[in-house]
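1. Got a predicted model here, sequence first, then my questions.
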Amino acid sequence: MGELSVKPSVGEGLPPYVERAHDLELRQCLRKIRNGSSSVVVIEGNSCAGKARAAYEGAGTELHDWALLYPHSADGLRQAAAKGLVRPRTIIWLDDAHSTVLADRDGEEAAALLLTLKDAVSHLAIVVTIWPGHYEMLTGAAPASQGQDRLARRRTLLQASRRVTVPDTFTDRELDDFQRRVTDPQWVQAVDSARGTQELTQTLAAAVELMHRYRRSDHPGKALVTAAADLRRLGVREPIPVRTLTAAAPGYLTSHARMKLVGDWAATALAWARDPCHGVCPALPPVLHPDGIGPDPDRCDLNDYLEQHIAEERAFTAPPSPFWQAALTADLGGLSYAKLGTAAFSSARFKIARDLYIKALERHHTPAFSDLCVLYSERGMIHTRRGIDELLALCEPIEDGGESAFRLGTDIGYVATGQVDAEY
């Protein structure tokens, strides 16, 4: 169950499953796939609402004898297709697709492949779970401008799907049904605690209490969690370097709180953030070590319930200066640096944006050069000899079939033809 991203729960074992209205709708969708043609089913809902458990229960009932593929990335999906693993009577499970298979630039290629597989393979169930905000973004109207629609294939894939919405809350009748079926003291306590909010699945996953602990705390570990949330909301999807969080943390603390930091405060803060709430879920969960054995002590994840809610709370709050300095020294991939560069640009931190884009280029993320050209144009540096020389030097080693050189040549062309004032 855990391997399919079904959240762990307080108590012993897996809690009883209470069917709700969306379960009937989901099973009808899966039954149609079993008896008919291939299709995409999108299960939409907030973090910890029960999307993965609903998919697990529905597939276990309607498609229990089908093969299961669970790619964690667009590349994993491509490899599975190339090896011929996508056959009739197969479920492709895409959990949290907004941050995995359908994320970023690779998401368009993945969506195109899924559309091809759906048409080419009979009796194929493509099951997608996704947060509501991301679903709305990926299915919204195409841009009115003549520019390239970067979401076109993802929009086509999701708009043609059958959508099932999982609500955040349980009715009183559903809570009563659950309570009648449990004897574990922690489950009994969970349903009693959920009576006020009706959020049973979140309470079982200890997510609600984890959020309460974060909000109430003045522990320095909270600063690490907030820094991780800022990294996530600004586009960093890969495992988070712990030293980046500890370097950024002082910016999230008041001067009075910083005065209290003594000894190995960073280790204490990290221990707090990694302590599982009710023995179930920590704020900063572990990630697998690169060698494939045990947890990586130098990197971590962020609890997705915290990610969603802290991102909403900090939507109009800029990260502090130490955050950006920590980002510059982080060990991240090219796409993450490019995302952070764009966020820095939007926050008017232009020099940091430039340095982050260059970090992206150093990691062979060539689209960052186009972002650099925009930055230099917006700041007027494209009009100067120094700016042009810097861009030429950065462009020279890029191997992208001449795309970056063409972009730079176009921008310089405006200067050379006198359409803008230039400094020579």
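-> Yep, that arrived. Numbering: from 1, shown residues only.
2. Which stretches in the stretch 301-424 of the chain count as helices?
-> Using DSSP state H, counting those that start in this stretch, the helices found in the stretch 301-424 of the chain span residues 304-313, 321-328, 334-346, 350-362, 368-378, 385-395, 403-416.
3. Which positions within the third one qualify as buried?
-> Which is helix 334-346. Gly334, Leu335, Ser336, Tyr337, Ala338, Lys339, Leu340, Gly341, Thr342, Ala343, Ala344, Phe345 (16 or more other CB atoms under 10 Å). Where you see a C-beta, it was placed from the backbone N, CA and C, and this is true even at glycine.
4. Please apply the same query to stretch 282-301.
-> Pro282, Ala283, Leu284, Asp296, Arg299, Cys300, Asp301.
5. related to what we said a few turns ago, with pLDDT and distance to Ala80 added, can I get the buried residues of helix 334-346 in JSON lines?
-> Listed next are these as JSON lines, based on pLDDT from 0 to 100; distance: CB to CB, whole Å:
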{"residue": "Gly334", "pLDDT": "95", "distance to Ala80": "24"}
{"residue": "Leu335", "pLDDT": "94", "distance to Ala80": "22"}
{"residue": "Ser336", "pLDDT": "95", "distance to Ala80": "25"}
{"residue": "Tyr337", "pLDDT": "97", "distance to Ala80": "29"}
{"residue": "Ala338", "pLDDT": "96", "distance to Ala80": "27"}
{"residue": "Lys339", "pLDDT": "96", "distance to Ala80": "26"}
{"residue": "Leu340", "pLDDT": "97", "distance to Ala80": "31"}
{"residue": "Gly341", "pLDDT": "97", "distance to Ala80": "32"}
{"residue": "Thr342", "pLDDT": "96", "distance to Ala80": "31"}
{"residue": "Ala343", "pLDDT": "96", "distance to Ala80": "33"}
{"residue": "Ala344", "pLDDT": "97", "distance to Ala80": "36"}
{"residue": "Phe345", "pLDDT": "96", "distance to Ala80": "36"}
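6. Let me know the closest of those to Trp93.
-> Of all the buried residues of helix 334-346, Trp93 sits closest to Leu335, with 23.7 Å by CB to CB.
7. Check the gap between the closest residue to that closest one other than its chain neighbours and Tyr337 for me.
-> In this structure, Leu335 finds its nearest non-sequential neighbour in His365, 5.6 Å apart by CB to CB, 6 or more residues apart in numbering. Taking CB to CB, to the nearest Å as the measure, His365 falls 7 Å from Tyr337.
8. which residues in this protein form strands?
-> Under the criterion DSSP state E, strands of the chain are mapped to 39-44, 67-69, 90-94, 124-130, 162-165, 240-241, 286-288, 295-300.
9. Of those, flag the one that's most buried.
-> strand 124-130 (a mean of 26; mean count of other CB atoms under 10 Å).
10. Okay then, goodbye and thanks.
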